[in-house]
Structure formats: C-alpha cells, structure tokens
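**Student:** Requesting a structural model of the entry that follows:
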Amino acid sequence: MSIHHLNSQDTIIALATPQGIGAIAVIRLSGKGCVELVNKVFKGKDLTKQEANTIHFGTIRDGEKILDEVLISLFKAPHSFTKEDSIEISCHGSQYIVKQIIQLLIREGARPAQAGEFTKRAFMNGQFDLAQAEAVADLIHSDSESSHQAALNQMRGGFSNEIKQLREQLINFASLIELELDFGEEDVEFADRDDLKQLVDKLLYVINKLIKSFDLGNVIKNGIPTVIAGKPNAGKSTLLNALLNEEKAIVSDIAGTTRDFIEDELHIEGVTFRFIDTAGLRQTDDKVEAIGVERTQAKMKEASLIIYLFDLITDNITEILQEVNRLENLGKPFIPVGNKIDEADPKIIDELKANDHNWMFISADKQINIEDLKEELIRKVNLPDFKVGDTIVTNVRHYESLLKTKESLDDVLNGLGMNITGDFLAMDIRQALHHLGEITGEISTDDLLGNIFSNFCIGK
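**Tutor:** Below you'll find the predicted structure:
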C-alpha cells in the first residue's frame, strides 16, 4: 500500500531504534488518540492528565501480564516532531519485548507506520519543507564530518532559505507580468525589462553556483570511489588493511588471491574515500581470474581516483612506466605508489624519481609512509574548502530541479533579447518557479512524496 493512500488521522506505531538486541529500544507513536491508546495499557500515572514534554515511569501490561517496565515520553501537538500528539516508549531492548508491546498496541488500534511516515507527517503539518525533510534521512546516514555538516545545514533550512529567496524575487516579477496580461489591450508595461534581466542574471549566478556545488556535494554524501590497482601480489590487500587499520582483505603470498572486490570506507579530514581492492592487472589463463582482471579495468574507469601500486623488488621499471602512461591516458587522477621501500634497492627509487611523476614510496606491511599517502589522497582530489554554513547541493533530485530552473531562466533571458511578448515571458518564468518550488515542496505530487518518503527507514 502506498504511503499517500493511508489515513493521515491514524495513530501510527514503529520501532525507532535499530532492530536487534540492545540495552534500550524506543517505540514511537503519533496521531490523534495515541495518548489515550497507550494509556489503556500503561500502569502508572494517567497519561491523559499529564503535561506535555514530560516523562513517566510505569509498566506496559497485556491484561494482568506485565510486558516490561518502561519510560513514557509524552509530547502534545504542536510541540512534537510530527506536530501531532506523540509518545515514545523506552523499553528494554529485547526483540521479544518490542514485538509484544507493538503487537499489543496494534490490537488496541494503532497501525504499523510506513517507511518515512513520521517525517512525512512532519512535512505535511508544516514542521519543515521537503528539502529539510530529505535532509533528515541524510543526517541519519551521515558517516563523516563533512556529510554531517551538509545534512545539518540543509535540515536547519540553509538551502531552503536560499531557494525561497530566489523564488520570492521571481514571483514579484511574475505577478507584474501577469498584471500586464490583464491590461493586454492597453499596451502597458509594469515589469521593467532591464530590471528583470538584472534579476535573472543574479538568479542564474546563484543557481549556477549551487549546480556547481553538486560535484562536491556528491563526494561529501557518497564518498570518493578509489580503486587500488596493480599486478598480483604487489601488496594491494596489505595496503588496504594498512589504510583501514584492520585485517579486511585476504592476504597471502599466492599471486592472484583477490579475485573480487573488497570495499570499505576511510574518513580523512572529513572526506570519505570508498576503497575498492581489486583483482590484479596481468595476463592470465585462469578464467575466473581473467574475469576479475576485466572487472578491475572496468572499475578503474568508474573510479574518481586510482592508486597504482607496484612492487619495487619484482616489478620491471619499463612495465611500471608503461602502466603510468596508460593511467595518464585514462585521464583520471592517480597516485603511483611503490611498495616494499624497506627492501628496495635505492638505485631503483632514484631511477624512478628521474621520471617526472609524483611518486610515493611506502611499505604497506611495515606501515611506512602510510600517513603521507593519506595526505596525498586529500591533495589529489583537490576539494574546495567546505565551511560550516556553506550551501552545498547533495541531493540528485534538487540538482535536477536546479538544472531545469536554469534552463527556464536561460529561456527568459533569450526571450528578453528577442523582445518576445509578456505571455511567453510569463510562461518561462512560471516554469522556473515550478522547478524551484519542487525542491522545497511548494509544488509537489502524491507520487513524488511517496517516492521520497518510501526511501526512509521505518520509524522515521
């Protein structure tokens, strides 16, 4: 059943904390009548007579049977996340207890919440706009300092305020042009075309800046896909373990051990790198390994950054330089890294340094120069500074709406240049307003809302 076909007056219930055994679990309810519903099974103070924003100790009982001792957090409309009467039940984190309490309250009249239904109700009740609602999910999934800052800024309305200001300025001009159309036969002009051009230029400057920020936003939200590539047994798995400080990859002395991809994430200075350890790059008659090598080459094309790892003891300098040349032709940022510096002949290192590349020399096994490599990773991606409060676009839906807004505003500029009539100008301005309104939810459809909130976790 889709979320927008459900009764918005129902009392909904869901587990708000992660599934599994823990010290505490929190069960959320929201909707008119939720206080009375919980009061039926709560033994303690009469919840219907208590003040808002208070916590009460007691037991949840199924008839005479005590299910658990709990704390009830009581919120009354409009002072709650959903702006409805809401209750949070803090119980012991046993899956059995959680299940028993939820089933009991469903029998009493609550219904299971759909994915994202609590946040959808908050949006529908005016707690925040659509962009802020989407930021709630981003905040939950943020796993680095920069992704946390970007989501928090958006949730607190930084991005929305910028979009609303743009939209309001455009609405003022749109209303003047619409007024001209009402007096069409009298040939009057209420909207100064020069002022309109200046405004559109100003809006396009801001929108282009937001569009450009999406590259950074995408990195902040999803991380930088980073491939570790090289010949078999060059030490790729050992390097991955050294970077992550854990035994994640299979490490052996047998060439070609890693036949698939091992992905993990590393946070360096607030930026997430998604490391992909791959099968080795070499000619092979082993069909399974050959598939791995082929997929490695495909992964290298998809990556945003490549660490090319070679063995300073066994790899041929000519082959190393040929591989570096191939990577240069691929056109992606890469770092050539020589492994086993602790055992290498200094002459080899000098010979490589004679070639104009930013070589790095490490020992993955002995963890020599690993921190230097991490610093080089940050330098290589060359991200602009991200400061608290910066407006960064991290959401693909917002990005696409901004592109459509830009297209409509470009049409307005072109129309002004060709002196087109007010009715055509009004049409292009309405389109721009529509696409800006889609971002904050001032323009929305049930299908759009259903799609957005269905991607939230249950209980949020």
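
**Student:** Please verify my assumption that residue 401 contacts residue 434.
**Tutor:** No. If you go by Cβ atoms under 8 Å, residue 401 and residue 434 don't touch, sitting 9.2 Å apart. The C-beta positions use only the backbone N, C-alpha and C, and glycine is treated the same way.

**Student:** next helix or strand past the longest helix along the chain?
**Tutor:** Scanning the chain for the helix with the most residues, using DSSP state H, yields helix 193-222. Downstream of helix 193-222, the first helix or strand assigned by DSSP states H and E is strand 224-230.

**Student:** list the helices and strands that next one packs on?
**Tutor:** helix 236-244, strand 271-277, helix 287-302, strand 305-311 (3 or more Cβ pairs under 8 Å, 6 or more residues apart in numbering; DSSP states H and E).

**Student:** so what strands line up beside the second one?
**Tutor:** So that's strand 271-277. The strands that strand 271-277 pairs with in its sheet are strand 224-230 (parallel), strand 262-268 (antiparallel) (by DSSP bridges).

**Student:** Tell me what angle the first one forms with helix 236-244.
**Tutor:** Between strand 224-230 and helix 236-244, the angle comes out at 140 degrees (axes from the mean of the first three to the mean of the last three Cα atoms, to 10 degrees).

**Student:** how about strand 224-230: buried residues?
**Tutor:** Within strand 224-230, the residues that qualify as buried are 224, 225, 226, 227, 228, 229, 230, counting by 16 or more other Cβ atoms under 10 Å.

**Student:** mind putting the strands paired with strand 271-277 in TSV, distance to residue 112 included?
**Tutor:** Below are the strands paired with strand 271-277 laid out as TSV (distance: least, Cβ to Cβ, whole Å):
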stretch	distance to residue 112
strand 224-230	37
strand 262-268	33
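
**Student:** Excluding residues flanking it in the chain, which one is nearest residue 360?
**Tutor:** residue 337 (4.7 Å; Cβ to Cβ, 6 or more residues apart in numbering).

**Student:** Same check on residue 174?
**Tutor:** Nearest one to residue 174, counting by Cβ to Cβ, 6+ apart, is residue 429 at 4.7 Å.

**Student:** list the contacts for that neighbour?
**Tutor:** The neighbours of residue 429, taking Cβ atoms under 8 Å, 6 or more residues apart in numbering as the test, are 170, 173, 174, 177, 408, 412.

**Student:** Most neighbours among those residues, which one is it?
**Tutor:** Counting neighbours by other Cβ atoms under 10 Å, residue 412 leads the contacts of residue 429 with 26 neighbours.

**Student:** right, and it touches residue 200 too?
**Tutor:** Yes. Here residue 412 reaches residue 200: they are 5.3 Å apart, a contact under Cβ under 8 Å.

**Student:** Show me the chain divided up by domain.
**Tutor:** Following automatic domain parsing, one gets these domains for the chain: 3-128, 135-218+395-441, 225-381.

**Student:** For the longest one, what does the pLDDT average out to?
**Tutor:** Translated: domain 225-381. Confidence for domain 225-381, expressed as mean pLDDT, is 75.
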